[in-house]
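Q: Return a 3D structure for these sequence lines:
(one chain, ligands or ions: 1)
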Amino acid sequence: MQQSRSSQLFEQAQRVIPGGVNSPVRSFRAVEGTPPFIARGQGARVWDVDGNEYIDYLGSWGPLALGHAHPAVVEAVQRAAADGTSFGAPVEQEVELAELICQALPSVDMVRLVNSGTEACMSALRLARAYTGRSKIVKFAGNYHGHADGLLVQAGSGALTHGVPTSAGVPEAYAAETLLAAYNDTQSVESLFDAWPNDIAAVIVEPVAGNMGVVPPAEGFLAGLRRITEANGALLIFDEVITGFRVAYGGAQTRFGITPDITTLGKIIGGGLPVGAYGGRGEVMRMVAPLGPMYQAGTLSGNPLAVAAGVATLLELQRPGVYEQLEATAVRLTDGVAGAFAGAEIPATINRVASMFTGFFNAGPVGALAQVEQSDTAAYGRYFHALLERGVYIAPSQFEAGFVSIAHTDADVDRTIAAVGDALDAMA
Ligand code: HOZ
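A: Got it, this is the predicted structure:
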C-alpha cells in the first residue's frame, strides 16, 4: 500500500523536530498513530495533505470561534501584511485591540499585549509578585497555564497527557514557590493560606478548567477564591486564555460574575495568530515598565498582523446572536453525542460550558482531577481514531477541550452525531 503523504511528512519531521511536532499533544502519542498534516481549513472543515476532509472540533485548540479562514479575518491580515509585517514600534491597531479588551472585561482597565498565553501567564505571576512583594503562588493540579518554569508543576494539557505534569528542567527552588491546591476545593486553598499566611502573592486558576478536559467550576468555587485571596492580601488571577471571548464576550468573569485582579488572555484575541495579553485594574498595571518596576518586553508584541486578526475577530463576535448561536450548536452536539453513548450503553460524561466541551469515557460525575484521571484513555484513543476515519476531528487526548464555531451548521452537527453512533458501534 502506498504510504500517505502525512506519514511521509511525519517521518521526515521526526528527523528534525523532537517527536516530529512543535507542541507535544499533536504527536498523537496519547491516541497512537500518525497525525494528519493539515493543508487548509475553511469554515468548520479542515483538509489534510492527502485530501481527507474532516469536520473540525479542535478549532486550533480554541481561537477559531469564527471557523477557519473567516473572510473578515483573512482580509484584515492581508491588508496589514501589505503594509509591513513588524515594526517593533507602536501601531494604531494595537490600541484598538487593547480598547476592545478593556471594554469587554469588567476587571481590566489596562492591558499589555504579548505573543502567547504562556507569556501572558508568566508575566501575570511576575506582576503579582511585584505588586505584593511576596513570592509564592497557588495553582491547581490539572490546570495548565503554559510552559513557564514554576507553572509546569502538576500541570494539565500535554503535560498531563504525556505523564510529565512536573517537567524536568524546572529548578527545585522554582517549583518550591508553587503551592498546589485541588480544583473545585476551596478548603485546599484555605489550608495553604493557613500554612503560608504572608507569603502567597496570587492564586492562578482556569475559571473553567479546559486543560484536563472541561471541568466547570463548582457552585461557589470562584467566589470562594475571591473571598480567600481578598482576606489574605493576595491577588486572584483568572487564566482566561481559553475562556476569554469564548464562554461569553466578557469571558468567564462576566459569565460567573467574579472580578479577578489580573486576567490573562490568548487564543481568540489573536483570531488564529499568536497573541496573548495580561491586564487588570490600573493600580496593578501601573507596576509594569515603563510606568513601574516590573519589567516585561517583546519585539513582536502588538504585532500588526496579529492584532489586525484579533480586532477583526472581536468585531465579528460583537454581532448580535453570536454567543447564543455558539451555545445552541454546542448543546445540539453534546445532547446528540450523549444520546449516542447512552444508546450504545457506554458509560460517559459530557461536560460542557458554553461552546467548550469534553466527552469523558467515565460514568462520572467528572468535577475534579481525581475523577478526570479515572477516565478510560485507551477507549478514548479507539474512539478518536474511529471518528477520524469517519471524517470528524477531535482533540487527540482525553485531557483537552473541544470547541464549536459559528461556522458549524446543524447539518455538520447531525453528521457528527451519526458518525459518533457509527464509531461506537464499530468499537463494540
Ligand atoms: N496546550 C495546548 C492545548 N491545551 C496544545 C497546543 C498545541 O498543540 O497546539
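Q: From here on, just use CA atoms for contacts and neighbour counts.
A: OK.
Q: Need the phi and psi values for Ala30.
A: Here the main-chain torsion angles of Ala30 (degrees, to the nearest 10) amount to phi -70, psi -20.
Q: now Thr263
A: Torsion angles at Thr263 (phi, psi; degrees, to the nearest 10) stand at phi -120, psi 140.
Q: which ones are touching it?
A: Thr263 is in contact with Ser107, Val108, Ala124, Ile237, Phe238, Asp239, Glu240, Tyr278, Gly279, Gly280, counting by C-alpha atoms under 8 Å, 6 or more residues apart in numbering.
Q: List just the nearest of those to Leu314.
A: Closest approach to Leu314 among these (C-alpha to C-alpha): Glu240, at 15.1 Å.
Q: How much space separates the closest one from the ligand?
A: To the ligand, Glu240 is 12 Å away according to C-alpha to the nearest ligand atom, to the nearest Å.
Q: neighbours around that residue, how many?
A: Per other C-alpha atoms under 10 Å, the neighbour tally for Glu240 reads 29.
Q: if you go through this structure in chain order, where are the strands?
A: For the chain, strands defined by DSSP state E occupy the ranges 38-42, 45-48, 53-56, 110-114, 136-140, 178-181, 200-205, 235-239, 262-265, 276-280, 349-353, 356-360, 392-393, 402-403.
Q: Serialize those strands to CSV and add fields for mean pLDDT and distance to Ala419.
A: What follows is these, written out as CSV (pLDDT from 0 to 100; distance: least, C-alpha to C-alpha, whole Å):
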stretch, mean pLDDT, distance to Ala419
strand 38-42, 98, 20
strand 45-48, 98, 15
strand 53-56, 98, 11
strand 110-114, 98, 40
strand 136-140, 97, 35
strand 178-181, 95, 39
strand 200-205, 98, 35
strand 235-239, 98, 34
strand 262-265, 98, 34
strand 276-280, 98, 35
strand 349-353, 98, 17
strand 356-360, 98, 15
strand 392-393, 98, 8
strand 402-403, 98, 16
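Q: Highest mean neighbour count out of those?
A: Of those, the one with the most neighbours on average (mean count of other C-alpha atoms under 10 Å) is strand 262-265, at a mean of 30.
Q: Say whether the ligand is contacted by that strand.
A: No - Strand 262-265 stays clear of the ligand (C-alpha under 6 Å from any ligand atom), getting no nearer than 13.4 Å.
Q: so what strands line up beside that strand?
A: Applying DSSP bridges, strand 262-265 is found paired with strand 235-239 (parallel), strand 276-280 (antiparallel).
Q: The first one to strand 200-205, inter-axis angle?
A: What it means is strand 235-239. Interaxial angle, strand 235-239 versus strand 200-205 (axes from the mean of the first three to the mean of the last three C-alpha atoms, to 10 degrees): 30 degrees.
Q: about what we covered before: out of the contacts of Thr263, give me the two with the largest separation.
A: Greatest spacing in these, by C-alpha to C-alpha: Ser107 and Ala124 (14.1 Å).
Q: So if I had to pick from these two, which one is more boxed in?
A: The residue with more neighbours, out of Ser107 and Ala124, is Ala124; 25 against 21, by other C-alpha under 10 Å.
Q: quick revisit: switch the strands of the chain over to CSV; also include distance to Phe245.
A: Formatted as CSV, the strands of the chain follow (distance: least, C-alpha to C-alpha, whole Å):
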stretch, distance to Phe245
strand 38-42, 21
strand 45-48, 22
strand 53-56, 19
strand 110-114, 15
strand 136-140, 22
strand 178-181, 27
strand 200-205, 17
strand 235-239, 12
strand 262-265, 9
strand 276-280, 13
strand 349-353, 13
strand 356-360, 12
strand 392-393, 23
strand 402-403, 13
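Q: residues near the residue of the chain found nearest the ligand, how many?
A: Closest contact between the chain and the ligand, by C-alpha to the nearest ligand atom, is at Ser23 (4.4 Å). By the criterion of other C-alpha under 10 Å, Ser23 has 10 neighbours.
Q: Okay, buried residues for stretch 420-428 please.
A: Val420, Gly421, Asp422, Ala423, Leu424 (16 or more other C-alpha atoms under 10 Å).
Q: Tabulate those (JSON lines), appending distance to the ligand.
A: As requested, the buried residues of stretch 420-428 are exported to JSON lines (distance: C-alpha to the nearest ligand atom, whole Å):
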{"residue": "Val420", "distance to the ligand": "23"}
{"residue": "Gly421", "distance to the ligand": "26"}
{"residue": "Asp422", "distance to the ligand": "27"}
{"residue": "Ala423", "distance to the ligand": "24"}
{"residue": "Leu424", "distance to the ligand": "25"}
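Q: between those, which is closest to Ile406?
A: Nearest to Ile406, judged by C-alpha to C-alpha, of those is Val420 at 20.9 Å.
Q: my read: that closest one touches Leu387, true?
A: Yes - with contact defined as C-alpha atoms under 8 Å, Val420 and Leu387 form a contacting pair (6.6 Å).
Q: Which pLDDT does the model give the residue of the chain closest to the ligand?
A: Ser23 is assigned a pLDDT of 95 by the prediction.
Q: cool, Arg255 as well?
A: Reported pLDDT at Arg255 in the predicted model: 98.
Q: In the protein, what helix or strand scores lowest on average pLDDT?
A: When each helix and strand of the chain is scored by mean pLDDT, DSSP states H and E, helix 157-161 comes last, with a mean of 76.
Q: Pull out the buried residues from that one.
A: Ser157, Gly158, Ala159, Leu160, Thr161.
Q: now that helix: how far from the chain's centre is it?
A: In terms of C-alpha atoms, centre = their mean, to the nearest Å, the centre of helix 157-161 is found 13 Å from the chain centre.
Q: what about it and the ligand, touching?
A: Yes - contact of helix 157-161 with the ligand (C-alpha under 6 Å from any ligand atom) involves Ser157, Gly158.
Q: CA atoms only for that helix, dumped as CSV, please.
A: Extracted in CSV, the C-alpha atoms of helix 157-161 (Å, rounded to 0.1, in the frame of the first residue of the first chain):
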residue,chain,number,x,y,z
SER,A,157,-2.9,19.5,28.9
GLY,A,158,0.1,17.9,27.2
ALA,A,159,2.0,17.6,30.5
LEU,A,160,-0.8,15.5,32.0
THR,A,161,-1.3,13.6,28.7
